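S.K.: Dropping the sequence and predicted coords here.
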Amino acid sequence: MSHDTDKLIRQLSLVAFLMAERRPLTARDVKGNVEGYSEMSDEAFARRFYSDRAELTALGVPLHSHRDEFTGEELYTLRSENYFLDRLDLKDDELAALQTALFYLDGKFAYAEPLRLALQNLALGRPGFHEARTDTAERVRVSAPDYSPELAGRLSKLESAISKQRTIKFSYWSPQRDKVGERALNPYALRLDEGIWYVVGQDLDRAAVRTFRVSRIRSDIRFATRRERDFRLPPEFDVEAHRVPRPWQIGETAGKARIAVQGDTAWWVHRTLSDAGSLVDGVFETDFANVEPLAGWVLRQNGRAIPLAPKALRDAVSDGLARLRDGHDGDVPVLARERRIEAHSDRGDRPVGPIAPERFGVLQALLAHVLSACGEGRDARLDANDLASRFSIPREELQETLSLLNLVNFGGGCYTVYAEVDEDEGIVRVDKELYGDVFRRPPKLTPLEARAIRLAIDYVGPTIAAEAHTPLDRVRKKLEETFGQFDLPRVPSGDAEDVEEKLVRTLSDAVEKRLVVEIEYLKEGDENPTTRSVEPYSFERELPVWRVHTWDRTADGPRTYRLDRMRSATMTTESFEPRDGFDPRYLHEQRIARLWHSPVVARWKLERGARALTDKAALSEIQFKTDEWLLSEVLADAGETIVLEPSDMRASVAARAKELQSELGVTTRRKRPAARA
């Protein structure tokens, strides 16, 4: 049996022993009765017992200790009523809505397995509760820009290192330098910004707290030492102080920019960029560290933002427009050959089964499940394939996992359960031992499981509220009241989040009731919003953006709208029937654009699926529906991206760049050479 397996059984047996005794116990009691400790030397036992207590506490197990006033010995207790999950007053439809969140997120969510375990525990003992897909689960598609199985594996190792306070080492690709280097890090916390996962911690080589994008890790994540613990979390550390800034604010502040925003663009800037600056009398003021990304943001607005100061920003916008004109006038540039890129190693990062810190949680939940199946009787028969599927255990490893449960004991030879797979009949035979009922109830959720629920609500919470027919705040409040011990304060939401939540709620209700909605929408490239009458069908959550797929009655055709550009949504009393043959989940009549990216931006485009060329440039093919959207994407790169196809867009980009030079009041400072591959 491996070291980790020994530890899991030892820790669960320690929990069982402390709960069964129901009295304060000394370390000597533990060493003499809990299997796994008795054969250790006193020194080894002291070290392992301290480590196990720390890990159990980190996993949410409420171990308590106090010093005996007469003997001076430390006494340990674990009250069973503090170990098991409090009855969470979620109605069946609210629990079903959380189950819907799992359907949304499964296969796209790095914390899907802890979420599955949390829901397994929440649903334990609820007669008649079914895990069927709901109608709402068919109406929402979720995608995350960074998600991959490798990402889930990396998050697993980072969670483990954070909980154990262990220093880690890994290879990391820096886009600024376009180099891979070795890093040593004391990881303090994980955070999710704009759909991207980051780890925040003390960079030991640079002696400063730094933030690393998890998807840019280029090797396995390994512990730097063999110690039980390498560091302690500084008491003053606040993960919210390390929110990833806007692209133009990364680095040391170099100055303040002033940008005039036209018409209703001011409303949109106030709603989406309140964290990056202030808006006064139609002028957006924002600190910047690098003027180039800010110039790209100005150009993306396609004339709705005018750079006022500093001169460096106006010059950067002017140069970007010159590059856009030069790159789209005349012939298509000759491309270099595609460069073969060897895949970086992910050895050890691919997850096997649930997230690693949840192995303890898996055994807890599995033990409760098989004992609950026995009910008041002494045995049960469970479908082996169903059991493996419920807990995401590879079918061939089911017996090995059940064998671990068979070793959990209360001391003195008293075990909890005996479970064995009968391969001939495809079932699991369960025999409940004398003290097995102690574990029949679901355990409290681990911090990781509680965090998974919190993240799931943040991802798709408004649709959960719509599904449950209850205000989202009520669902959140119930969860926070139960899981408050895990210190999961909700990140304060800005205007954009509050407004979008209301929009999703209104549109979700309209989808379910088949009612027409009137929306006020600011289209990209327009100065003023328009009012449109739409039939809403489904949502897409492409982190961090919400989209709703509709049939637009005003345009008499399918349209997809971003909620961050929707000023209001009002449900009418007019009903509609679903249109035959209309698939609202996908954009129709998509076109393909071929884009060339200069070496200046190519390294970032490679992260989004572009192909590398031998001259360090890159080539990409993207789907687009409207010319306006593609134009904004190209403008945002300030001439470092050139449209190769469709050919008609080349002339459109060149013409628009010329118009913008006049509209924005910037003139070409000098003739710039055309971009070349």
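M.R.: That came in fine, so what should we check first?
S.K.: give me the element Lys523 is part of.
M.R.: Assessed by DSSP states H and E, Lys523 sits outside every helix and strand.
S.K.: and it, how many neighbours does it have?
M.R.: For Lys523, the number of neighbouring residues by other CB atoms under 10 Å comes to 16. Where you see a C-beta, it was placed from the backbone N, CA and C, and this is true even at glycine.
S.K.: hang on, it packs against Thr530?
M.R.: Yes - using CB atoms under 8 Å, Lys523 is in contact with Thr530, at 7.0 Å.
S.K.: how near is Ile250 to Pro175?
M.R.: Using CB to CB, to the nearest Å, we find Ile250 at a distance of 11 Å from Pro175.
S.K.: show me the contacts for Thr225.
M.R.: Thr225 makes contacts with Arg166, Thr167, as judged by CB atoms under 8 Å, 6 or more residues apart in numbering.
S.K.: next one: the one 3 residues further on
M.R.: Taking CB under 8 Å, 6+ apart as the definition of contact, the neighbours of Glu228 are Arg47, Tyr50, Ser51, Ala54, Lys164.
S.K.: Check Ala569 too.
M.R.: With contact set as CB under 8 Å, 6+ apart, Ala569 has these partners: Leu503, Thr506, Leu507, Val517, Glu518, Ile519, Glu520.
S.K.: does Asn33 really touch Phe17, like I thought?
M.R.: Yes - assessed by CB under 8 Å, Asn33 is found in contact with Phe17 at 5.9 Å.
S.K.: Those two: which is more packed in?
M.R.: Between Asn33 and Phe17, counting by other CB under 10 Å, Phe17 is the more crowded of the two (23 against 19).
S.K.: got any ranges where the stretch 401-550 of the chain has weak pLDDT?
M.R.: Where the stretch 401-550 of the chain drops to pLDDT under 70, the residues are 412-413, 434-435, 460-476, 479-498, 524-527, 543-544.
S.K.: which residues of it fall in helices?
M.R.: 447-468, 472-483, 495-513 (DSSP state H, counting those that start in this stretch).
S.K.: Following element in sequence after the helix or strand Leu56 falls within, please.
M.R.: Assignment of secondary structure by DSSP H and E places Leu56 within helix 42-58. Going down the chain from helix 42-58, the next helix or strand is strand 64-67, by DSSP H and E.
S.K.: Alpha carbons only: can I get that following strand in CSV?
M.R.: Included here for strand 64-67 are C-alpha records, laid out as CSV according to Å, rounded to 0.1, in the frame of the first residue of the first chain:
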residue,chain,number,x,y,z
HIS,A,64,-10.5,20.2,18.8
SER,A,65,-7.8,20.1,21.5
HIS,A,66,-7.3,21.5,24.9
ARG,A,67,-4.7,21.0,27.7
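S.K.: okay, now Ala260: neighbour count?
M.R.: Using other CB under 10 Å, the number of residues around Ala260 comes to 17.
S.K.: Do a quick rundown of the helices in the stretch 1-150 of the chain.
M.R.: With DSSP H, counting those that start in this stretch applied, the stretch 1-150 of the chain shows helices at 3-21, 27-33, 42-58, 80-83, 92-105, 112-123, 149-164, listed in chain order.
S.K.: The second one packs against which elements?
M.R.: Read that as helix 27-33. With contacts defined as 3 or more CB pairs under 8 Å, 6 or more residues apart in numbering; DSSP states H and E, helix 27-33 has these neighbours: helix 3-21, helix 42-58, strand 74-77.
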